[in-house]
Each structure stands twice: as C-alpha cells, then as structure tokens.
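Peer 1: Just the structure for this:
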Amino acid sequence: MAVILANQQLTLLPRAHSFARDAHGQPVAPAATGPARGPYPGSALQGFNPEADWSLRLDPRMAPVEPADEVTDGTRTWVVVTRKYNAIAGYPDVDYIAVTATLNPPQVP
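Peer 2: Residues are numbered from 1 along each chain as shown. As a prediction, the model looks like this:
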C-alpha cells in the first residue's frame with residue numbers, strides 16, 4: 001500500500017451543474033455557485049497523459065465535489081471528471097476524496 005502525502009494547497013471552485021437559459025432561451029455556461037472551498041492540503045499527481053490524466057487527492061472538508069467543478073493550486077486548474085470519497089472507519093485523519101481530472105487549459109507541447 002502506498003501513501004500519497006499532501007504536496008500542495010488546493011482550492012475547490014464549485015460550478016453550477018445545470019445550464020441556465022437567457023432571455024432568448026439560449027443556454028448560458030455554468031458559473032460559480034458559491035465561495036471557493038480551501039485552500040486545504042492535497043496532492044496532484046500527473047499521469048501518462050499530462051493533459052487528461054491527473055490524479056488529485058482532496059481534503060474531505062472540500063465536500064461535496066461534483067464532476068465539472070474546478071480545483072486549483074493557484075497556478076494550474078483542473079476540471080473534475082470523477083470523484084470517490086474514501087473513508088477509513090475509526091481513522092478520520094486519513095480520509096480523502098480521490099479525483100480524476102483534466103488540466104484546464106491543456107498544455108501545448
């Protein structure tokens with residue numbers, strides 16, 4: 001079993017998860033739905049594909065986390081693709097939210 005330690009401070013930027021409509025009936029892109037959550041200790045690990053393959057570990061205080069939310073370290077921003085809450089009974093200090101994410105905007109080689 002590997003332990004992934006927090007290596008940076010991450011902030012969650014929650015987004016609206018349904019499109020609103022303007023006065024003409026056109027969809028309007030989601031906006032922030034509330035204040036940012038964080039910064040809290042977390043980690044970001046780059047996978048094989050540096051644009052679409054990131055593994056983030058978030059502090060449970062950031063919950064709830066939904067797909068399309070954004071996470072930032074102040075320099076880079078990721079868009080949440082999937083998330084899973086991991087809790088170990090009796091050991092709340094090691095609980096975390098596992099997130100797969102894509103880098104936004106993608107890096108250009």
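
Peer 1: Would you report the backbone torsion angles of P60?
Peer 2: The phi/psi pair for P60 (degrees, to the nearest 10) reads phi -60, psi -20.

Peer 1: quick one: the closest residue to it other than its chain neighbours from S43, how far?
Peer 2: Leaving out its chain neighbours, the residue that sits closest to P60 by CB to CB, 6 or more residues apart in numbering is D95, at 4.8 Å. (C-beta placed from N, C-alpha, C; glycine too.) Using CB to CB, to the nearest Å, we find D95 at a distance of 14 Å from S43.

Peer 1: next one: Y96
Peer 2: According to CB to CB, Y96 stands 9 Å off from S43.

Peer 1: three-state assignment of the residue located most distally from the centre of the chain?
Peer 2: Distance from the C-alpha centroid of the chain, by CA atoms, centre = their mean, peaks at H24 (32.3 Å). Recorded secondary structure, H24: coil (DSSP: H, G, I helix; E, B strand; the rest coil).

Peer 1: Can you tell me, leaving aside adjacent residues, what's nearest to the residue nearest to the spatial centre of the chain?
Peer 2: In the chain, the centroid-proximal residue (CA atoms, centre = their mean) is V71; its distance is 3.9 Å. Using CB to CB, 6+ apart and skipping the chain neighbours, the partner closest in space to V71 is W78 (4.9 Å).

Peer 1: can you tell me which helix or strand the one you found belongs to?
Peer 2: strand 77-86 (DSSP states H and E).

Peer 1: quick one: whichever helix or strand comes after that strand to strand 77-86, angle?
Peer 2: Moving toward the C-terminus from strand 77-86, the next helix or strand (DSSP H and E) is strand 96-104. If you take axes from the mean of the first three to the mean of the last three CA atoms, to 10 degrees, strand 96-104 sits at 160 degrees to strand 77-86.

Peer 1: Nice, that's everything, thank you.
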